[in-house]
Structures are given as C-alpha cells and as structure tokens.
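Enquirer: can't give you the sequence, but here's the structure:
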C-alpha cells in the first residue's frame, strides 16, 4: 500500500470513531494537549502520519511531510461537505457556542440619481463638454442645475435572514445592482439613498457592512492568475484573523473545562484554517505588494 492509501485507510479509521472515548496512545496525546495553555493548545493538533501513527504538530510550523499528510487527511472535506459541516456544528453545539449571524433589514429604501434626459443624455462629444462646463458653472453657483431626479428604487422593503440563500430576480434596469450596492454599503456617492437599513438592528453609522458583506461585480477586476477560491481567501486574509481566532480560543477553553476531546480531523482543520502560518502570511504580503 502506498502512502496515499495508508493515509486514506488511517483517515477512515479515525473518521469512523466518535470523539468521546479514546484509549491508548490517543488518550495520552489528548491528555498532553489538555495540559497546554490555551494559546499553545490552539496551535497544537494531532496529525495522523503514515507509518508513524499519531503525532503532535504545530500547525504554524508544519514540515513538508506533515503538510502532505494534512492535505491527504482533510481531503474528505471536499468530498462530503455535509458531513464536515454537521461535525463542525456538533463540536460547537457540545460546548454551547453559537456562530455569529447577521440579519439585514431594509425599509422604505429609496435610491435616486440626477441625470440629463432626452437628447442631452446621449453620450456625444458635444454633450460631454457641455456637461463639464455646466458642472463647473453649477459649482460656482452661476447657473441652475438642469439635471432631473430619476428614481432607481422606490420604497423597497425586505429582510435577508441568516442561514438562507436569497435569490434576487428582475429585468434589466430594475435596480438589482443598486439594491445590492446599497445593502453592502458601497453605493456610489453620485446616488442618493434614503430609508432605513440595519444590520442586526444597527444602522450604517454603528455597523461597518464591509466587514461582513461584499458586492462582487460581473466584471473581472481581480488578479487574473488567481482562482475564485484564492481571491476570496486573499480578501479574508487581508482583513486579518478577526473573530475566527477568538472563536477557536473560546472553543478550546470550553472543551478543556468540560474535558471534551474533539474529532482529530475537525480539530486540525479548524486550527489550520483559523491560524495562518508564517509562510501564508509572507505569501499574502507578497501578493499585496503586487497589487500596489
């Protein structure tokens, strides 16, 4: 049996067992982990190495062999997302942790723009220069503003609830993009918005929607050599670890107090996902410099 087959067999043996009862070497490994401080315990996990059995590893300082074993070990995540999410949810439920959720409410939302109508609104060279001169004259209060108000959204109300997928449908020009930009807090300054918009009951002045919501345009303005997954991961890493690290620390603390031994695969996957290694930090910094 090759290394991949050995890892797969060992992974299946670990995955088939539930977390409450361990014996022998596994019990000793987890007992040693429980004695570590919370900070160190959040960075130490048990990894199944081919031919070596269980091994304590630092997720921030993995060797080449350990990275290869880890990739093989968590390959099941891409094969069965439902099973992974259910085990992830079970681990949080056992210690009474609830993931943060966001509910977006908008009531009597109005978005309007000011634009020229008729032949003046055509994108001709003459109109372009006329608009520039008129804009300068309006700024100096020499001539009145001849632009007309055009409503894009009028008294739109609704609720976007957590744990649900919302589909927005409408004909071209119905205001779908304007609504999404308004909800994400990225509406252009040339458009005026009125109405009530709250995130978990907080207004836009009290909540920063860009930390939890984003509008992805249909136009490709990203780095062409990155995949969709890499683009999303890059954006997440630019925002920092944030609440993910706090969640992991709180989860580790509660499991230690209640003497709960988590599933080894879920444990190492969460720790690697929430604690970027020094290599990934350097990689993120290099890519950030290329964008500049």
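Expert: Noted; the coordinates are in hand. All values reported here derive from a predicted model rather than from experimental measurement.

Enquirer: look up phi and psi at residue 104.
Expert: phi -100, psi 130 (degrees, to the nearest 10).

Enquirer: ok, for it, nearest residue in space, not its chain neighbours?
Expert: Spatial nearest neighbour of residue 104, chain neighbours left out: residue 160 (4.2 Å); criterion: Cβ to Cβ, 6 or more residues apart in numbering. The way it works is simple: take the backbone N, C-alpha and C, and place the C-beta from them, glycine included.

Enquirer: and what of residue 155?
Expert: With Cβ to Cβ, 6+ apart, the residue lying closest to residue 155 is residue 108, at 5.1 Å.

Enquirer: which residues of the stretch 101-250 of the chain fall in strands?
Expert: Using DSSP state E, counting those that start in this stretch, the strands found in the stretch 101-250 of the chain span residues 104-115, 148-160, 192-199, 202-203.

Enquirer: show me how the chain divides into domains.
Expert: 3-99+227-291, 104-204 (automatic domain parsing).

Enquirer: counting neighbours, what do you get for the residue nearest to residue 104?
Expert: Neighbour count of residue 160, defined by other Cβ atoms under 10 Å: 15.

Enquirer: what's the pLDDT at it?
Expert: pLDDT for residue 160: 90.

Enquirer: and what of the one 3 residues further on?
Expert: In this prediction, residue 163 carries a pLDDT score of 83.

Enquirer: hmm, residue 100 and it touching each other?
Expert: No: using Cβ atoms under 8 Å, residue 163 makes no contact with residue 100, being 11.9 Å away.

Enquirer: please say which of the two ends up with more neighbours.
Expert: The neighbour count for residue 163 versus residue 100, taken as other Cβ under 10 Å, is higher for residue 100 (9 against 6).
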